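Asks: I'd like to go over a predicted model; first the sequence, then the structure.
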Amino acid sequence: MEPPKTPSSFMSPRPPTPSTIPSKITVNFVLPYASELATKEVDMVIIPATTGQMGVLPGHVPTIAELKPGILSVHEGNDVTKYFLSSGFAFIHANSVADIIAVEAVPVDRIDQNSVQKGLAEFTQKVNSASTDLEKAEAQIGVDVHSALNSALSG
Amino acid sequence: MAMAALRREGRRFAPLLSPRPIAAVRSSLVSEEDIPFGARSISTQVVRNRMKSVKNIQKITKAMKMVAASKLRAIQIRAENSRGLWQPFTALLGDTPSVDVKKNVIVTVSSDKGLCGGINSTSVKISKALYKLNSGPDKETKYVVLGEKAKAQLVRDSKKNIELTISELQKNPLNYTQVSVLADDILKNVEFDALRIIFNKFHSVVSFLPTMSTVLSPEIVEREAEAGGKLGELDSYEIEGGETKAEILQNLAEFQFSCVLFNAVLENACSEQGARMSAMDSSSRNAGDMLDRLTLTYNRTRQASITTELIEIISGASALEG
């Protein structure tokens, strides 16, 4: 019987760490239903890590960062593309490659201000009326996401 | 042909048996048509019935092929889009199919429905081989089975090793939320050091590559990172967020599993439709061939009976003349 294949045989190998810092950072930004950016070379990305917004330039130290709901901005020359992420992980490798995995992401300009306000009010009310810990936690997540959305739109 | 033989047999045993049971047998095969004793023409009824049923089977297989083809198109796009999802994890944590751990859990992904070629048997075969490879005196290997078909095959000889079975995965279109709930369910109910996910990766409509993805538990990731080797580089990464490194690794392993599983179920569903399409294609073709052969037999028999009748008439006429 032939041994099964393993994932690495389906993957293009990652570039080795260059000796000098390259001028661009290579970004892979993936979602379950799409590869939003695939090995795209950009100047800088700003990642919403749980510890705060994190700017990543070429030659960044290798990092594993957990993400919180917030804005991911991709800077490419003068163009800035902004996405709102729900949550996920980001890996920054030594070879100036950044992998960003998110569960859900939308370009910021597609978010509707009114429904954000409505959702925020709804979940704030739910936090106050929650009786069990689970309900409270769920409502709190709703509030966090909506206030992050709100600040993303106003900021 | 078979029917004629049956009728001859029936006639021979006629004194022994009451006529009703034979009629009953005949009526289940041939439409009720009482052929009198000494009927000389050859009946083509059996062949005609056979042709009708083959034609119907062909219609069904053709329809199934069409359905599979349209389902394949939809799911193939989704599977291809989800292929980016696992790559960052493999880039970070490496690919460790040969890692030696105590508690192995083999997650076999299969389909709920059959008539899709050999994809389910392939996953089961590989799972069993992997089980043998990873079993030992101080080791514990368990199965988690997704889908009815692999369950039916594995229950036969390794029932006691099946920890969890999940079916009806594809009742609704597969989405990430559903799969991550499922992944969570597996993680909660099964203790593991390494999860090995077996699925058929979709390559083209006629080729599927049995694939094994490995997901390590956070403790093993840490152990391997300290030991160096493939995961040795992990220690050079700074970790942002979370209280401790262990917590982040835990989250990471869970997220990795849900992402890998999501891709695995999509790839397997895609392979299933592809396999069904080619299986149904070949069975429609087979039915067509069979129909051709039956038509030939039918026509030959018909012609033979016409010839016999003609000979009878002519010889009768010539007997009168002579």
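Replies: Good, I have the coordinates.
Asks: CA only for contacts and neighbour counts going forward, please
Replies: Fine.
Asks: the residue nearest to B:P210 when sequence neighbours are not counted - how many residues pack around it?
Replies: Nearest non-adjacent residue to B:P210, counting by C-alpha to C-alpha, 6 or more residues apart in numbering or on different chains: B:N200, 4.3 Å away. Applying other C-alpha atoms under 10 Å in any protein chain shown, we find 29 residues neighbouring B:N200.
Asks: so is the lowest-mean-pLDDT helix or strand in chain A next to chain B?
Replies: Counting by mean pLDDT, DSSP states H and E, chain A has its least confident helix or strand at helix A:133-154, which shows a mean of 88. No: Helix A:133-154 stays clear of chain B (C-alpha under 8 Å from any C-alpha of the partner chain), getting no nearer than 15.5 Å.
Asks: give me the contact list for that helix.
Replies: A:69-71, A:84, A:86, A:108, A:113, A:116-117, A:119-120, A:123-124, A:126-127, A:130 (C-alpha atoms under 8 Å, 6 or more residues apart in numbering or on different chains).
Asks: what score does the residue nearest to B:P210 have for pLDDT?
Replies: On the pLDDT scale, B:N200 is placed at 94.
Asks: any idea how far it lies from A:S87?
Replies: 29 Å (C-alpha to C-alpha, to the nearest Å).
Asks: repeat that for B:C259.
Replies: B:C259 is 13 Å from A:S87, by C-alpha to C-alpha.
Asks: just want to know which of those two has more residues nearby.
Replies: Taking other C-alpha under 10 Å, B:C259 and A:S87 do not tie; B:C259 has more neighbours (26 against 20).
Asks: in which helix or strand would I find that one?
Replies: helix B:245-321 (DSSP states H and E).
Asks: for that helix, what is the distance to the chain centroid?
Replies: 14 Å (C-alpha atoms, centre = their mean, to the nearest Å).
Asks: how about that helix and chain A, touching?
Replies: Yes: for a cut-off given as C-alpha under 8 Å from any C-alpha, helix B:245-321 has contacts with chain A, namely B:248, B:252, B:259, B:262.
Asks: what mean pLDDT would you report for that helix?
Replies: Helix B:245-321 comes out with an average pLDDT of 93.
Asks: so what secondary structure elements neighbour that helix?
Replies: With contacts taken as 3 or more C-alpha pairs under 8 Å, 6 or more residues apart in numbering or on different chains; DSSP states H and E, helix B:245-321 sits against helix B:45-81, strand B:103-109, helix B:119-133, helix B:176-189, strand B:194-204, strand B:207-216, helix B:218-227.
Asks: turn those into CSV, including distance to A:N150.
Replies: Formatted as CSV, those follow (distance: least, C-alpha to C-alpha, whole Å):
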stretch, distance to A:N150
helix B:45-81, 30
strand B:103-109, 41
helix B:119-133, 47
helix B:176-189, 24
strand B:194-204, 40
strand B:207-216, 37
helix B:218-227, 35
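Asks: got the contact list for B:A69?
Replies: B:273-274, B:277.
Asks: go again using 10 Å as the cut-off
Replies: Listed by C-alpha atoms under 10 Å, 6 or more residues apart in numbering or on different chains, the contact set of B:A69 reads B:63, B:205, B:273-274, B:276-278.
Asks: all set, thanks.
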